[in-house]
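A.B. asks: The following comprises the amino acid sequence and a computationally predicted model.
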Amino acid sequence: MVNLSSPFGGQTRTRVLLALRLLEESYARELTRVLRAPLAGVQNALHGLARDGLIAGRPAGRTRLFRLNPRYFAKEELQRYLLRLTEPESDLRARLVALMGGRAAEELLFHEVTPGAANDFEKATQIATSMVNRWGMGRDPKVEDAAAAGASGRGALSFFAAKRDGSLPSELQGAATRATAHMLDQAYATARQTLLDHLDQLRRIGVYLVQQERIDGDTFDALFEGKIEVPDADIEWRPAAARPREWSSIGAMAASAENADPDASDRGAPAV
């Protein structure tokens, strides 16, 4: 995480503002997951930022969505200042991995997937698109030789930045789309491999969630590290109607991944 000086009254408040700038709109539980921060701290930050007029909320069913306040009196200055605080590429890529984790887990644990990850895909695409089109990150995977890549290493993309409406010159749109898709594929592959590497923890946390129905960041860390005992941690918690995969077959995927080409994750997600 970038070393923030907490210019908005606290590090959590600053991180929430940065996340809302990236995601455009979000809610407390999603921010908790993306930022790996306690729910209570994120909720307090949202309430305080809304009270101070920096963000605005709106109801969406039983959820309250927040975004940077478009009517804030110093909106342009706020946007410029947040841009200066934007996290480095490695942290942004970690955000993408976190957003891909839900679908990666679903495809590993079940024979069929649901539309539940649609919002995560939308948020991940927003971040990856900004990384490629605005911040000079990522590269066109079709550019393989150094001469074509140029000094920037990005080929025709170079360091072109999107216009205010988000558009690029038409001749660059194909390269930008490939670069964005490549970045998302890498994030998915990393999320999938991380889950395969920690199947025991995944199973234990799944049982805990079924038993307790909710989990905060500190509890997640304690469960991951084995500091909390989970009764019946080996029970089958996935409903049969969801067509779960056999745990033995998932373990075989993990064993197969250990013997795979170590550069495979850089080429995209392996087949499930």
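C.D. replies: On my side now, so go ahead.
A.B. asks: Show me the shaky parts of the chain.
C.D. replies: 1-6, 145-149, 153, 155, 163-166, 257-272 (pLDDT under 70).
A.B. asks: Now do the strands in it.
C.D. replies: Ranges of strands within the chain are 55-60, 63-68, based on DSSP state E.
A.B. asks: Could you say which of the ones you listed is packed most deeply?
C.D. replies: Mean neighbours per residue, mean count of other CB atoms under 10 Å, is largest over the strands of the chain for strand 63-68, with a mean of 16. No exception for glycine: its C-beta is placed from N, CA and C like everyone else's.
A.B. asks: Take the strands of the chain and lay them out in CSV including distance to residue 157.
C.D. replies: As requested, the strands of the chain are exported to CSV (distance: least, CB to CB, whole Å):
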stretch, distance to residue 157
strand 55-60, 32
strand 63-68, 27
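A.B. asks: and the lengthiest helix in the chain, which residues are buried?
C.D. replies: The helix that spans the most residues within the chain, counting by DSSP state H, is helix 170-197. By 16 or more other CB atoms under 10 Å, the buried positions in helix 170-197 come out as 172, 175-176, 178-193, 195-196.
A.B. asks: Relative to residue 49, how far out is residue 9?
C.D. replies: Distance of residue 9 to residue 49, computed by CB to CB, to the nearest Å: 9 Å.
A.B. asks: nope, residue 66 is what I was after
C.D. replies: 8 Å.
A.B. asks: Mind listing the shared neighbours of those two?
C.D. replies: Counting by CB atoms under 8 Å, 6 or more residues apart in numbering, the contacts common to residue 66 and residue 49 are residue 55.
A.B. asks: how close does the nearest residue to residue 86 once chain neighbours are set aside sit to residue 54?
C.D. replies: Leaving aside its chain neighbours, residue 86 sits nearest to residue 18 (6.6 Å; criterion: CB to CB, 6 or more residues apart in numbering). Distance of residue 18 to residue 54, computed by CB to CB: 12 Å.
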